[in-house]
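A.B. asks: What follows is a predicted protein model with its sequence.
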Amino acid sequence: MKSRLAPLSAALAALVPACCAFAADAPDYPARKPGLWEISVQSAAASAKAPARATQQCIDAASDKAMREMGSTAGPSTCSSNSLRKEAGNLVIDSVCKIGASTATTHSVVSGDFGSNYRMESRSTYSPPLAGLAEGTAIVEAKWIGPCQADQKPGDMILPGGMKMNVLDLMKNRK
């Protein structure tokens, strides 16, 4: 199971600073449309020949908000600088976050409408290197695919390979 989660872990490590900034208290942050989203992540840490890894996520307004807020408190990461601004119809996120002993400086650009799709391109530099990486890039593409399935509840994530977990339940169990 560890090998199945390794590509996802690498991509998530590249995105932690951007997610923290994305969770910043910005009154104009767009909420995603409730339902089932397919989210693919392509990281420079993954092999150039490897396809993007796709997950599905079932959300409602409350779970979407809780997951955004989780980004600002999850893991050993604290951000000393976060900014979220609109620029040419996109959201631009800049952050400086401490992840363990490393400082991650991240610039992300998010485009899309959050009702049917969005795309985030993110570049981070790590000083000192994080898990052997001095920099990382990631592209997240998400599309709304319809209502959640009958056996899904808000917070459910279906990982590549079919493993299902509920992010909200995991958050509760960490406390």
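C.D. replies: Now that the structure is in, tell me what you want to look at.
A.B. asks: ok, now how distant is Ser116 from Lys143?
C.D. replies: 7 Å (Cβ to Cβ, to the nearest Å). C-beta coordinates here come from the backbone N, C-alpha and C atoms, glycine included.
A.B. asks: So for these two, which sits in the more crowded spot?
C.D. replies: Between Ser116 and Lys143, counted using other Cβ atoms under 10 Å, the more crowded position is Lys143 (15 against 12).
A.B. asks: what about the more buried one, helix or strand, and which?
C.D. replies: Using DSSP states H and E, Lys143 maps to strand 133-146.
A.B. asks: Below-threshold pLDDT in the chain: ranges please.
C.D. replies: 1-29, 45-51, 71-77, 175 (pLDDT under 70).
A.B. asks: can you pull out the helices in it?
C.D. replies: 2-22, 61-73, 167-174 (DSSP state H).
A.B. asks: Name whatever forms a beta bridge with Met120.
C.D. replies: Counting by DSSP bridges, Met120 forms beta bridges with Val110, Val140.
A.B. asks: ok, it touching Phe114?
C.D. replies: No. Between Met120 and Phe114 there is no contact, the gap being 11.2 Å when judged by Cβ atoms under 8 Å.
A.B. asks: who's more crowded, these two?
C.D. replies: Taking other Cβ under 10 Å, Met120 and Phe114 do not tie; Met120 has more neighbours (23 against 17).
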